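1. Build the 3D model from these lines:
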Amino acid sequence: MTIQRMDNVGIVVDDLDAAVAFFTALGMELEGRMPIDGRWAGSVVGLDEMRSEIAMMRIPNAPGRLELAKYHSPEAITPEPAVTPANTLGLHRIMFAVDDIEDTLARLRPHGAELVGEVTRFEDSYLLCYLRGPSRIILALAEQLS
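-> All right, here's what the predicted structure looks like:
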């Protein structure tokens, strides 16, 4: 048995409009938006009376999608601590390769992006950084230098 593809990465957010705007500023496109509810949906995720709305974001002309989900019922749970450090177990970050890291940061800052550390050079290969976006999502950006 083989894996056919990785279809998407799902992220729970508290403000779906803000998350869509943030990932649009990053360069992704909104593929679609729809409510998700009903018995089948609750059965899949293990939540009774689940109601949510999702927005599917895609990278133009490339594979890779993000499914942003806003839970209306039951409400999303904020982890403790609310801002988790980089060594927290579970989903850590999503990395995007970008053409210009400073330009990307400039586009994302009006949408709430904040650097976790600083933009750092890795040898003569990459500029790298971690940043927090909406709902405390951690993104990594990588700009190839050579």
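2. Neighbours of Ile101, how many?
-> For Ile101, the neighbour count with other Cβ atoms under 10 Å is 16. Every residue, glycine included, has its C-beta placed from N, CA and C.
3. where's it relative to Ala25, distance?
-> Ile101 sits 14 Å away from Ala25, going by Cβ to Cβ, to the nearest Å.
4. Tell me where the longest helix sits in the protein.
-> With secondary structure taken from DSSP state H, the chain has its longest helix at helix 16-26.
5. what angle do the next helix or strand after it and helix 16-26 make?
-> Remark: after helix 16-26, the chain's next helix or strand is strand 29-37, criterion DSSP states H and E. For strand 29-37 against helix 16-26, the angle by axes from the mean of the first three to the mean of the last three Cα atoms, to 10 degrees is 160 degrees.
6. Determine the set of other helices and strands touching strand 29-37.
-> Counting by 3 or more Cβ pairs under 8 Å, 6 or more residues apart in numbering; DSSP states H and E, the packing neighbours recorded for strand 29-37 are helix 16-26, strand 51-58.
7. hmm, 7 Å instead?
-> Contact partners of strand 29-37 among helices and strands, from 3 or more Cβ pairs under 7 Å, 6 or more residues apart in numbering; DSSP states H and E: strand 51-58.
8. hey, which helix or strand in the chain has the poorest pLDDT?
-> The weakest-scoring helix or strand in the chain, judged by mean pLDDT, DSSP states H and E, is helix 39-45 (a mean of 87).
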